[in-house]
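got a predicted structure here, sequence first:
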Amino acid sequence: WGVGRSTEQVLALVREARAEHPDRPALVVRASADTLVALASEHDASTTVDAAAMSAAVGPIPEPRGRVGVLCASTADASVAAEAAFVARVTGTEVVRVDDVGGSRLRPLLTDRTLLDDADCLVVVAGLDASLAATVGAMTDVPIVAVPTSTGQPGSFGGFGALLTMLTSASPGIVVSNIDNGHAAGVFAARIARRTAR
């Protein structure tokens, strides 16, 4: 985690991780822009950076197997969706991301069912539209990782309302991740997709 760590601390942790596991990427999430630039400078061609996710992977990325679809309810949740998509990609899956699908904007996605039918796992990031995961879950048999978010909900204990909505409306085939945790959702979705790749 880049949060609460200086650039020097992150660089030292990445060096240590790369020395112990040279065959796998070291993943840094929620890092500052300065830290991402320093990682890219120090590790050059072996660094994959995503500014929207504020994340980087240093080292070899596995060949993609399986496909993860990341759906984001609103632009307010975009950073969590970007984190989930980046982590799923560097964990070894192909990723398709669709933003701003909450409310009435869900209709085009349901009309053209390509993403729903071709994905091996879906990640649904939804704070204010917490019922989105259940709506999508009712329309596909693809496993879903739902991520409640705290964005735009200052009066609900940091996403606790979204978490409760997702937990009480979760259909079979939906697992609910920690609040705002795109990293955990991305790892779990990639594991599912790689194991069940069509």
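That came through fine. What you see is a predicted model, and the numbers here were worked out from it, not measured in a lab.

quick one: Phe171 and Leu122, what's the gap?
Wrong residue type there; residue 171 is Ser, not Phe. Distance of Ser171 to Leu122, computed by Cβ to Cβ, to the nearest Å: 12 Å. Every C-beta, even on glycine, is put in place using the N, C-alpha and C of the backbone.

the two: who's more crowded?
Taking other Cβ atoms under 10 Å, Ser171 and Leu122 do not tie; Leu122 has more neighbours (27 against 12).

which SS class is that one?
strand (DSSP: H, G, I helix; E, B strand; the rest coil).

bridging residues for it?
Applying DSSP bridges to Leu122 yields these beta-bridge partners: Gly69, Ile144.

what's the answer for Thr47, then?
Bridge pairing for Thr47 - DSSP bridges - gives Val58.

show me what contacts it?
Residues near Thr47 by Cβ atoms under 8 Å, 6 or more residues apart in numbering: Leu39, Ala40, Ala56, Ala57, Val58.

tally up the residues packed near the first one, please.
Other residues near Leu39 number 25, with proximity taken as other Cβ under 10 Å.

repeat for Val125
Neighbours of Val125 (other Cβ under 10 Å): 35.

is it true that it touches Cys72?
Yes: in this structure Val125 lies within contact range of Cys72 using Cβ atoms under 8 Å: 4.8 Å.

common neighbours of the two, please.
Contacts common to Val125 and Cys72, judged by Cβ under 8 Å, 6+ apart, are Val80, Ala81.

so which helix or strand takes in the most centrally placed residue in the chain?
For the chain, the residue nearest the mean C-alpha position is Ala84 (0.7 Å; Cα atoms, centre = their mean). Ala84 is part of helix 78-90, with elements assigned from DSSP states H and E.

Leu71 looks like it's in a strand, true?
Yes: counting by three-state DSSP, Leu71 is located in a strand.

show me the residues around it that make contact.
Taking Cβ under 8 Å, 6+ apart, one finds Ala81, Val98, Val101, Leu109, Leu115, Leu122, Val123, Val124, Val125, Ala126, Leu132, Val136 in contact with Leu71.

and for Asp100, the neighbour number?
Asp100 has 16 nearby residues by other Cβ under 10 Å.

for the contacts of Leu71, work out which two are farthest apart.
Using Cβ to Cβ, these reach their maximum pairwise distance at Leu115 and Ala126, which is 15.7 Å.

the more surrounded of the two?
Neighbours were counted for Leu115 and for Ala126 using other Cβ under 10 Å; Ala126 has more, 28 against 21.

so Ser149 touches Ala126, yeah?
Actually, residue 149 is Thr rather than Ser. Yes: in this structure Thr149 lies within contact range of Ala126 using Cβ under 8 Å: 7.0 Å.

got any residues that touch both of these two?
Shared contacts of Thr149 and Ala126 (Cβ under 8 Å, 6+ apart): Asp77, Ala162.
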